[in-house]
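Novice: Give me a 3D structure for the following:
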Amino acid sequence: MKLSVIIIDDEPLAINVIKNYILQVKELTLAASFTNAVEASSYLQDHTADIIFLDINMPLLDGLEFLKGLHDLPMVVITTAHEEHALKGFELEAIDYLVKPIPFPRFHKAVQRILRLKQGTSGTAPIRQDGRPSIFVKVDNKKHQKIVLDDIVIIESLKDYIRIKTVNGKFIVHKTLGSITEELPSDKFMRIHRSYTVAFDRVEAIEGNSLECGGIRYTIGRSYLNEVKDRILNNSNSQAQN
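Specialist: As a prediction, this is how the structure comes out:
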């Protein structure tokens, strides 16, 4: 696998550092470099790139505004001396965030993450490995974590974030409960409350307006109650008959 790379940074020295690092990684090839995002934007109208190493603070058009204007988003790694831009960069789907001066081991780690994602493990759409459907989600705004769907117990809303509880641990993801629920198979998961989505197979008991998952009782929203009971109980009965 050979991935094409472009570098966008208003500091020539910073560009040279990334260029030298790229030469050390056989899977990468440098396609172009730019000292401002306007030129890079024009370039991308007629060319494609697999990876962009992108500075934030630049004249004319800063890196974040440049990202907002991209339609076909490649893998983006932010390179900057300002850590405070990290969360905003991840909100715009940057893969990683490298703080200058960038050591080669940290650069190499970011590249290895991209290579794994390029091999079919990107995004949150369910994938199947060894017969077990799974998803990859960006955890703690840092890494992409594989989560096997059958291991999920419940997903809780934390406003702009969610907490995915599995049999192996808990994971914080910058995503809304509604969006993750839409991406999961509807025959296995269901929203039971504005704050919860549960896995049918993990429901241990239903009583009144609540249910138990993992030994913890969760309230079922009033507007969800009839459908939740109908779907979970019918799902259980159909499995028993099979």
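
Novice: drop to CA atoms for contacts and neighbour counts, all remaining ones
Specialist: Will do.

Novice: tally of neighbours for the closest residue to Leu3 other than its chain neighbours?
Specialist: Leaving aside its chain neighbours, Leu3 sits nearest to Leu28 (4.9 Å; criterion: C-alpha to C-alpha, 6 or more residues apart in numbering). Look at Leu28: counted by other C-alpha atoms under 10 Å, it has 19 neighbours.

Novice: surely Leu28 meets Lys2?
Specialist: Yes. Between Leu28 and Lys2 there is a contact under C-alpha atoms under 8 Å: 5.5 Å.

Novice: thinking again about what came up before, who touches the residue nearest to Leu3 in this structure?
Specialist: By C-alpha atoms under 8 Å, 6 or more residues apart in numbering, the contact set of Leu28 is Lys2, Leu3, Ser4, Val5, Ile22.

Novice: swap in Leu73?
Specialist: Leu73 is in contact with Leu67, counting by C-alpha under 8 Å, 6+ apart.

Novice: That one belongs to a helix, doesn't it?
Specialist: No. Counting by DSSP: H, G, I helix; E, B strand; the rest coil, one finds Leu73 to be coil, located in no helix.

Novice: Would you quantify the distance from it to Lys19?
Specialist: Counting by C-alpha to C-alpha, to the nearest Å, the gap between Leu73 and Lys19 amounts to 21 Å.

Novice: so Arg217 touches Glu207, yeah?
Specialist: No. At 9.5 Å, Arg217 does not count as touching Glu207 under the criterion of C-alpha under 8 Å.
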